[in-house]
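Engineer: I'd like to go over a predicted model; first the sequence, then the structure.
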Amino acid sequence: GAVVSQHPSWVICKSGTSVKIECRSLDFQATTMFWYRQFPKQSLMLMATSNEGSKATYEQGVEKDKFLINHASLTLSTLTVTSAHPEDSSFYICSDGVAGSRNEQFFGPGTRLTVL
Amino acid sequence: AQKVTQAQTEISVVEKEDVTLDCVYETRDTTYYLFWYKQPPSGELVFLIRRNSFDEQNEISGRYSWNFQKSTSSFNFTITASQVVDSAVYFCALSGYSNSGYALNFGKGTSLLVTP
């Protein structure tokens, strides 16, 4: 079964509002989780690395003040898109950062954000 | 820096044909992982395989097979006797290794359409 969940699965909001996306690890403790963004018909691009108990690290070109990441517990990372605009409309996907003997890296089911 | 190239943007085949999806990668790491994921229209990523850099053995799983060749930095994916349900976007991805988990660098994806 799924080991990473995301909520909501889709959201439509007005321009200027903030949207929070939750990513939960269901059966393991994740000190690191990753956030990706996928625009229509494009590939997945890493946005940021979420670190439990410390600041997230952002990829080049990703505004940290716009995409707020909080990783307050070992099972929950949140991504808040602040003052969303239509160009932020995308598919946001999180994944676990558990390495080691597990053969698979798990991804959440994704959150489709549409900003009107 | 890591890079994954999937030169085939779209492939269309007729059911029961064999099809190979190409993947070429670049990395300076000596330890790395290669992945293939399937993304159906729903958007959720479906894990297909992970291969580490020390294991060049080819793998077969049902109708799927993978050919890993370090000499040509390629990790190609073949579907034998394709079916309509195989229609999806397929991503090849590369990661380094980290004790805290690893983010993936994705290729641009190959959209496969299998028609009856």
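Structural biologist: Done, it's in.
Engineer: contacts only, for residue 14.
Structural biologist: In the absence of a named chain, this looks at chain A. Residues in contact with A:Lys14, defined by Cβ atoms under 8 Å, 6 or more residues apart in numbering or on different chains, are A:115-116. The way it works is simple: take the backbone N, C-alpha and C, and place the C-beta from them, glycine included.
Engineer: actually, chain B is the one I wanted.
Structural biologist: Taking Cβ under 8 Å, 6+ apart as the test, what B:Val14 contacts is B:114-116.
Engineer: one more: A:Val11?
Structural biologist: A:19, A:21, A:111-114 are the contacts of A:Val11 under Cβ under 8 Å, 6+ apart.
Engineer: also A:Ser18?
Structural biologist: A:Ser18 touches A:80-84, counting by Cβ under 8 Å, 6+ apart.
Engineer: and the buried ones among these, selectable in ChimeraX?
Structural biologist: Buried members of the contacts of A:Ser18, defined by 16 or more other Cβ atoms under 10 Å in any protein chain shown, are picked up in ChimeraX with:
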select /A:81,84
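Engineer: closest to chain B among the contacts of A:Ser18?
Structural biologist: Nearest to chain B out of those is A:Val81 (Cβ to the nearest Cβ; 17.6 Å).
Engineer: these two touch, right, the closest one and A:Phe67?
Structural biologist: Yes. In terms of Cβ atoms under 8 Å, A:Val81 counts as a neighbour of A:Phe67; the distance is 6.1 Å.
Engineer: any idea which residue of chain A lies closest to chain B?
Structural biologist: Taking Cβ to the nearest Cβ, chain A has A:Gly97 as its residue nearest chain B, at 2.5 Å.
Engineer: got JSON lines for the contacts of B:Val14, with distance to chain A and pLDDT too?
Structural biologist: Putting the contacts of B:Val14 into JSON lines (distance: Cβ to the nearest Cβ, whole Å; pLDDT from 0 to 100) gives the following:
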{"residue": "B:Val114", "distance to chain A": "19", "pLDDT": "98"}
{"residue": "B:Thr115", "distance to chain A": "20", "pLDDT": "97"}
{"residue": "B:Pro116", "distance to chain A": "24", "pLDDT": "96"}
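Engineer: next, B:Gln57: secondary structure please.
Structural biologist: What DSSP: H, G, I helix; E, B strand; the rest coil gives for B:Gln57 is coil.
Engineer: which ones are touching the residue lying closest to it once chain neighbours are set aside?
Structural biologist: Residue nearest to B:Gln57 in three dimensions, not counting chain neighbours: B:Phe68, with 7.5 Å by Cβ to Cβ, 6 or more residues apart in numbering or on different chains. Counting by Cβ under 8 Å, 6+ apart, B:Phe68 makes contact with B:34, B:51, B:55-59, B:74-75.
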